[in-house]
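Colleague: Return a 3D structure for these sequence lines:
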Amino acid sequence: QLQLVESGGKPVQPGGSLRLSCAASGFTLENYAIAWFRQPPGMEREGVSCIDMYGIARYVDFAKGRFTISRDNAKNTVFLQMNNVQFEDTAIYYCAAGDCSGSQDEFGPWGQGTQVTVSS
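Modeller: Sure thing, here's the model as predicted:
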């Protein structure tokens, strides 16, 4: 069974940092581009960052300069380092496999996500 499991979400204060993990089972991550998405409360799911199989990363504007996506193929895991988090970063964060140039509908499989809550 192909599965991605997100972890690392937690409550964090504004300006703080945390690292999210996306672990794969049932397939080898290194053969896929992996993206992080997020769904803020009451809003649609949106893209955050994507890393292709060559390690080339893309970021949406709100993530540039604050978030860093990376992959450790030996651990079959992709990470999202989040620095200087803000209230608006509060969301459920998901990872999925796909094509960094593709639409969200082309990504999968979808896990349960991991909750990031930014509060003072």
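Colleague: starting at the chain centroid, how far to stretch 94-108?
Modeller: Taking the mean of its C-alpha atoms, stretch 94-108 sits 11 Å from the chain's own mean (C-alpha atoms, centre = their mean, to the nearest Å).
Colleague: same deal with stretch 73-87?
Modeller: 7 Å.
Colleague: try stretch 12-21
Modeller: 13 Å.
Colleague: Could you tell me which residues within that stretch count as buried?
Modeller: Applying a neighbour-count criterion of 16 or more other C-beta atoms under 10 Å, one finds 12, 18, 20, 21 buried in stretch 12-21. C-beta coordinates here come from the backbone N, C-alpha and C atoms, glycine included.
Colleague: beta partners of the third one?
Modeller: On DSSP bridges, the residues paired with residue 20 through beta bridges are residue 80.
Colleague: Repeat that for the first one.
Modeller: Here residue 12 sits in beta bridges with residue 118, as judged by DSSP bridges.
Colleague: need the contact list for it.
Modeller: Each residue near residue 12 by C-beta atoms under 8 Å, 6 or more residues apart in numbering is listed here: 18, 85, 116, 117, 118.
Colleague: could you redo the last one with a cut-off of 10 Å?
Modeller: Residues near residue 12 by C-beta atoms under 10 Å, 6 or more residues apart in numbering: 18, 82, 85, 89, 90, 116, 117, 118, 119.
Colleague: do the third one as well
Modeller: Contact partners of residue 20, counting by C-beta under 10 Å, 6+ apart, are 6-10, 36, 38, 48, 67, 69, 78-82, 93-95, 113-114, 116.
Colleague: If anything else comes up later, I'll come back, but that's it for now.
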